[in-house]
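J.: when you get a sec, could you give me coordinates for this:
(one chain, ligands or ions: 1)
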Amino acid sequence: MLKSILICVSAAIIATKASEVMVDSRQNASDRFFPGDFWFGTSTAAYQIEGAWNLEGKGPSIWDEFTHSHPEKIVDHGNGDVATNSYEFYLDDVKAVKNLGMDFYRISIAWSRILPTGDIANINEKGIEYYNKLINAIIGHKLEPMVTMYHWDLPQDLQKFGGLTNSIFISYFEAYANLLYDRFGDRVKYWITFNEPSVFCTTGYGSDKHAPAVNAHGVGEYLCAHNVLKAHAVAYRLYRSFYYEQYKGQVGITLCSQFFYSDSNDMHAVDRAMQFSLGWFANPIFSLAGNYPDVMITRIANNSIGEGRSWSRLPSFTDKWIETIRGSADFLGLNYYTSRYVEVNPEPKGLYPSYERDLNLKMVIKPEWKPSASDWLYSVPKGVGDILRWIKEEYNNPEVFITENGWSDHGELDDNDRIAYLHDHLEQILDVVLNDESNLKGYTAWSIIDNFEWAQGYAEKFGLYSVNMSSPRRERTAKKSAKFMATVASTHRIPEIN
Ligand code: GBH
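T.: Residues are numbered from 1 along each chain as shown. Purely as a prediction, here's the structure:
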């Protein structure tokens with residue numbers, strides 16, 4: 001149940017808005033190309049690919065700890081100990097991205113590889129060296145590195161005092177970000193502070209499905225989010241104050257959201273779903289209000305009072321923090337995978353208290369939506385267009401990168417379903433671009449290679465390349481979808497599929 005809501009906390013829209021947008025440029029296929037300065041890339045994340053979990057000075061992360069002490073929480077009892085061994089074979093990944101004729105490669109840095117305890121007092125130069133090699137290889141292949149600082153793998157030692165629920169996290173993150181800017185900022189011009197905080201706050205702190213499995217539902221996810229927003233803003237301000245002048249890079253954040261629809265035209269429900277998913281983090285950063293969405297503030301305060309509290313489980317920002325957080329991003333990274341219809345639950349449902357209960361919406365999947373290998377992922381291409389339009393309206397047309405979009409199967413090399421998914425989503429995205437309905441700069445396919453899919457282990461595959469997991473060499477093989485994406489990236493057109 002938690003599943004469907006937390007996939008990415010989603011967004012909503014208004015059916016009418018979406019249908020207003022019919023495009024002239026659609027008629028003429030020869031006009032349908034992405035502008036020359038539109039970028040294509042693919043993405044990975046450190047824990048899902050690197051392996052080498054304890055080699056050359058790396059400290060343990062919460063995902064090492066979680067997969068080792070609770071293998072039963074991973075469907076195939078898998079872990080990231082070796083994974084696709086990109087620690088050794090990173091060049092294969094870079095070459096694969098290059099083979100697709102892409103413009104950038106989005107990677108993440110394992111905090112505990114360069115700061116084994118999470119603390120700046122102890123720097124692992126071997127870890128720095130690894131990322132220097134990786135970043136230099138990316139640049140050497142004429143690709144732009146886009147680097148996520150935090151893709152879910154918190155150094156385990158920082159969890160000893162509550163991890164992201166303790167506000168001291170902000171200081172640790174600031175020191176870590178400073179080290180990254182200092183060591184890699186001369187070459188990295190696109191920084192993403194956090195990947196999908198709505199997901200790791202709800203799933204890691206509000207449930208026990210992901211590391212660190214704290215399950216402090218109703219409180220932990222909001223504390224985590226609060227500290228993430230502050231840490232993000234502090235890292236952004238740090239860059240602007242001390243690095244921007246010299247390096248001229250950009251710092252953004254990646255948020256995950258579905259789009260939401262209503263069969264009964266219940267626009268309150270749709271808006272509530274959008275605000276709880278995307279607005280939770282986007283409203284403080286990208287809106288003029290610089291705060292949580294009103295609907296979250298009100299509902300969580302009311303529920304808190306109903307539970308007998310004299311305080312809201314949703315923490316509040318001081319004016320000073322609002323100032324710091326508002327406008328603290330050069331771009332919005334959007335991970336879009338799927339959408340839902342929403343209906344108000346007649347009776348409150350979910351753990352008491354919880355994010356799910358505060359939201360109190362039933363998430364509905366339409367029977368006509370094509371299912372993937374993942375129980376949460378259905379193909380709803382229209383949603384990507386609608387969410388981009390919603391972002392433009394809601395946040396005054398910020399610069400956007402789609403930082404993830406992709407499809408899971410069981411590993412077929414003739415992955416026609418993935419091609420269909422990518423094709424249909426790219427068509428929607430191209431409409432948005434041609435109609436100027438989003439300040440969209442680029443598109444990132446998840447992922448360049450099959451990898452460790454968190455609680456789903458190695459069972460669900462998202463790669464454009466498959467990886468031979470039974471061979472120590474971990475050979476990468478292009479799937480049919482790799483050729484499809486190569487055509488898109490090199491021609492800036494979407495090839496016809498049947
Ligand atoms: C992204 O999350 C991640 O950034 C990436 O690392 C991941 O590999 C990729 O997508 C594919 O999943 O059903 O309760 O177990 C996308 C959002 C959030 C979707 C967690 C799956 C599982 C929730 N994901 N969700 S549950």
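
J.: going forward, measure contacts and count neighbours with C-alpha atoms only.
T.: OK.

J.: my read is Thr477 is in a helix, agree?
T.: No. For Thr477, which was evaluated using DSSP: H, G, I helix; E, B strand; the rest coil, the result is strand, with no helix membership.

J.: for burial, what's the neighbour tally of it?
T.: The tally of other residues near Thr477 (other Cα atoms under 10 Å) stands at 15.

J.: my read is that it contacts Met469, right?
T.: No. Counting by Cα atoms under 8 Å, Thr477 does not reach Met469; the two are 11.5 Å apart.

J.: any weak-confidence spans in the protein?
T.: By pLDDT under 70, the weakly predicted segments of the chain are 1-30.

J.: please redo it, this time with the cut-off set to 50
T.: Counting by pLDDT under 50, the chain contains low-confidence ranges at 1-27.

J.: the ligand contacts on the stretch 351-498 of the chain?
T.: With the criterion set to Cα under 6 Å from any ligand atom, the stretch 351-498 of the chain comes near the ligand through Trp376, Glu453.

J.: how far away is the residue in the stretch 351-498 of the chain that the ligand sits nearest to from Lys370?
T.: The stretch 351-498 of the chain approaches the ligand most closely through Glu453 (5.1 Å), counting by Cα to the nearest ligand atom. Separation of Glu453 from Lys370 (Cα to Cα, to the nearest Å): 20 Å.

J.: more neighbours: the two, which one.
T.: Glu453 (21 against 12).

J.: quick one: contacts for that one?
T.: Each residue near Glu453 by Cα atoms under 8 Å, 6 or more residues apart in numbering is listed here: Gln48, Ala459, Glu460, Lys461.

J.: same question, His423
T.: Ile494, Pro495, Ile497.

J.: Leu238 now?
T.: By Cα under 8 Å, 6+ apart, the contact set of Leu238 is Glu174, Asn178.

J.: count of residues packed around Ile419?
T.: The criterion is other Cα under 10 Å. On that basis, Ile419 has 22 neighbouring residues.

J.: tell me which element it falls in.
T.: Secondary structure assigned from DSSP states H and E places Ile419 in helix 416-434.

J.: what element comes up after that helix heading to the C-terminus?
T.: Tracing the chain C-terminally past helix 416-434 and defining elements by DSSP H and E, one meets strand 439-446 next.

J.: what does the stretch 151-300 of the chain have sitting close to the ligand?
T.: Proximity of the stretch 151-300 of the chain to the ligand, by Cα under 6 Å from any ligand atom, involves residues Val199.

J.: nearest to the ligand: which residue in the stretch 151-300 of the chain?
T.: Of the stretch 151-300 of the chain, the residue with the smallest distance to the ligand, taken as Cα to the nearest ligand atom, is Val199 at 5.4 Å.

J.: if I look at the residue of the chain positioned farthest from its centre, how far off is Pro353?
T.: Here the chain has its C-alpha centre computed as a mean, and the residue farthest from that point, by Cα atoms, centre = their mean, is Gly308 with 35.3 Å. Distance, Gly308 to Pro353, using Cα to Cα: 12 Å.

J.: so what's the residue count around Arg473?
T.: Per other Cα under 10 Å, the neighbour tally for Arg473 reads 13.

J.: tell me the phi and psi of it?
T.: When quoted as degrees, to the nearest 10, the phi and psi of Arg473 stand at phi -80, psi -10.

J.: if we can go back for a sec, just the contacts of Glu453 now: which is nearest Asn396?
T.: Sorting the contacts of Glu453 by distance to Asn396 puts Gln48 at the head of the list, at 34.4 Å, by Cα to Cα.

J.: how near is that closest one to the ligand?
T.: Here the distance between Gln48 and the ligand works out to 7 Å (Cα to the nearest ligand atom, to the nearest Å).

J.: so for that residue, what's the nearest residue that isn't a sequence neighbour?
T.: Nearest residue to Gln48 in three dimensions, chain neighbours excluded: Phe452, at 4.5 Å (Cα to Cα, 6 or more residues apart in numbering).

J.: repeat that for Leu334.
T.: Here the nearest residue to Leu334 in space, its sequence neighbours aside, is Ile402; by Cα to Cα, 6+ apart that works out to 4.7 Å.

J.: who are the contact partners of the one you found?
T.: With Cα under 8 Å, 6+ apart as the criterion, the residues that contact Ile402 are Gly333, Leu334, Asn335, Tyr336, Leu440, Gly442, Tyr443, Thr444.

J.: what angle separates the helix or strand where it lies from helix 416-434?
T.: Secondary-structure element containing Ile402, defined by DSSP H and E: strand 399-404. Regarding strand 399-404 and helix 416-434, their directions subtend 180 degrees when assessed with axes from the mean of the first three to the mean of the last three Cα atoms, to 10 degrees.

J.: what's the first-to-last distance across stretch 109-124?
T.: Across its full length, stretch 109-124 reaches 13 Å end to end, with Cα to Cα as the criterion.

J.: mind listing what's buried in that stretch?
T.: Neighbour counts using 16 or more other Cα atoms under 10 Å place 109-120, 123-124 of stretch 109-124 among the buried residues.

J.: check stretch 342-355 too.
T.: Neighbour-count burial for stretch 342-355, counted by 16+ other Cα under 10 Å, picks out Val342, Glu343, Val344, Lys349, Gly350, Pro353, Ser354, Tyr355.

J.: for stretch 258-276, same thing?
T.: Buried positions in stretch 258-276, judged by neighbour count with 16+ other Cα under 10 Å: 258-262, 267, 269-276.
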